[in-house]
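> Fold the following.
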Amino acid sequence: MPELPEVETVRRGLAPVMEGAKIERLELRRKDLRFPFPDRFSDIVEGQTVLSMGRRAKYLLVDLSNGNVIIMHLGMSGSFRTQIDGDENLPGDFHHARSRLESHDHVIFHLETAEGRAARVIYNDPRRFGFMLMTPRAQLDEHPTFSSMGVEPVGNMLSAQHLAMKLANKAAPLKAALLDQKVIAGLGNIYVCEALWRSRLSPKRKAATLVTKAGRPSAGCKRLTQNIRIVIEEAIEAGGSSLRDHAQTDGTLGYFQHSFAAYDREGEPCRHEGCTSKISRIVQSGRSTFYCPSCQR
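Numbering: from 1, shown residues only. Next up is the predicted model:
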């Protein structure tokens, strides 16, 4: 499943086409994806202008001029591609093939861009695990999808003190606690492994050990907070990890995978200076965890 940096990459690819565009027609080629489409979805969306393309955790947000927000999730295999004036451009040396079969094109936004050009934004999803919901903008924070969601990993609200507050009294392993979306929104398996490796913290240690008896963040908690932000920001700038089926909206792949220090490097030498150990793999809550047993304590 695409992680936050991949979703942010998609948002940045869609924004130049969609922001300021009028949705002349919303073409739904089936009745549902993972969930049924909202009632009267096309009727409510058609004729509206896209005010902005946003993101919350791993969800894309399309803010409309009528006060509604379309909530979109890519699922396991969902992707968007854009066409302007009927000309589709998909450059890039594909390492992971993307579906371009018309039978997997389930939703098409027919647009008039802010510059007056004809455009289409096509949602393709072979497995149909993605979905599209809708809610009034004023009720977005109370929507069941977001009501209990934690802070963004690159937002101003993420601080060492905030993380300490969330981890206090948690007996769960640190990695499991960080994957809890109520702690930090959108932080996924790949980037948790990377942030823990950079912070030299074991994924197996109790989460509460990063909090002092006085309830303040330990030195490790401060390192971790900083490295979470750095890892996510670097991945966004690199265009995402490009694992499995992910591709950017123009068809190119991200290259952050070449910077992985821990994830998917089982048996390879640890990259910390002076360390002679190798990266190990364990399974936690059904997910693979990659870490250095020597460096990460």
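> Quick check: longest helix in the protein by residues?
helix 219-238 (DSSP state H).
> can you give me the mean pLDDT across that one?
For helix 219-238, the mean per-residue pLDDT is 93.
> In that helix, which residues are buried?
For helix 219-238, a neighbour-count test (16 or more other C-beta atoms under 10 Å) marks 220-225, 227-229, 231-232, 235-236, 238 as buried. From N, CA and C alone the C-beta is placed, and that goes for glycine too.
> Show the contacting residues for residue 24.
With contact set as C-beta atoms under 8 Å, 6 or more residues apart in numbering, residue 24 has these partners: 46, 47, 110, 111, 112.
> And the longest helix of the chain, what does it pack against?
helix 4-18, helix 160-167, helix 189-199 (3 or more C-beta pairs under 8 Å, 6 or more residues apart in numbering; DSSP states H and E).
> Which residue ranges of the chain form strands?
Assignment of strands within the chain using DSSP state E yields the ranges 22-28, 50-56, 59-64, 68-73, 79-84, 87-88, 105-112, 118-124, 131-136, 280-284, 287-291.
> from the chain's centre, how far out does the first one sit?
Translated: strand 22-28. How far strand 22-28 lies from its chain's middle: 25 Å, per C-alpha atoms, centre = their mean, to the nearest Å.
> Report the angle between that strand and strand 118-124.
The directions of strand 22-28 and strand 118-124 differ by 30 degrees, with axes from the mean of the first three to the mean of the last three C-alpha atoms, to 10 degrees as the criterion.
> now strand 22-28 against strand 68-73, angle please.
Following the same axes, to 10 degrees, one obtains 50 degrees for the angle between strand 22-28 and strand 68-73.
> tell me which residues in strand 22-28 are buried?
For strand 22-28, burial by neighbour count (16+ other C-beta under 10 Å) applies to 22, 23, 26, 28.
> I'd guessed the second one sits against residue 109; true?
Yes: between residue 23 and residue 109 there is a contact under C-beta atoms under 8 Å: 5.8 Å.
> okay if I get the strands of the chain as JSON lines plus distance to residue 162 and mean pLDDT?
As requested, those are exported to JSON lines (distance: least, C-beta to C-beta, whole Å; pLDDT from 0 to 100):
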{"stretch": "strand 22-28", "distance to residue 162": "38", "mean pLDDT": "98"}
{"stretch": "strand 50-56", "distance to residue 162": "17", "mean pLDDT": "97"}
{"stretch": "strand 59-64", "distance to residue 162": "21", "mean pLDDT": "98"}
{"stretch": "strand 68-73", "distance to residue 162": "25", "mean pLDDT": "98"}
{"stretch": "strand 79-84", "distance to residue 162": "33", "mean pLDDT": "89"}
{"stretch": "strand 87-88", "distance to residue 162": "44", "mean pLDDT": "64"}
{"stretch": "strand 105-112", "distance to residue 162": "37", "mean pLDDT": "97"}
{"stretch": "strand 118-124", "distance to residue 162": "35", "mean pLDDT": "93"}
{"stretch": "strand 131-136", "distance to residue 162": "26", "mean pLDDT": "98"}
{"stretch": "strand 280-284", "distance to residue 162": "24", "mean pLDDT": "97"}
{"stretch": "strand 287-291", "distance to residue 162": "24", "mean pLDDT": "97"}
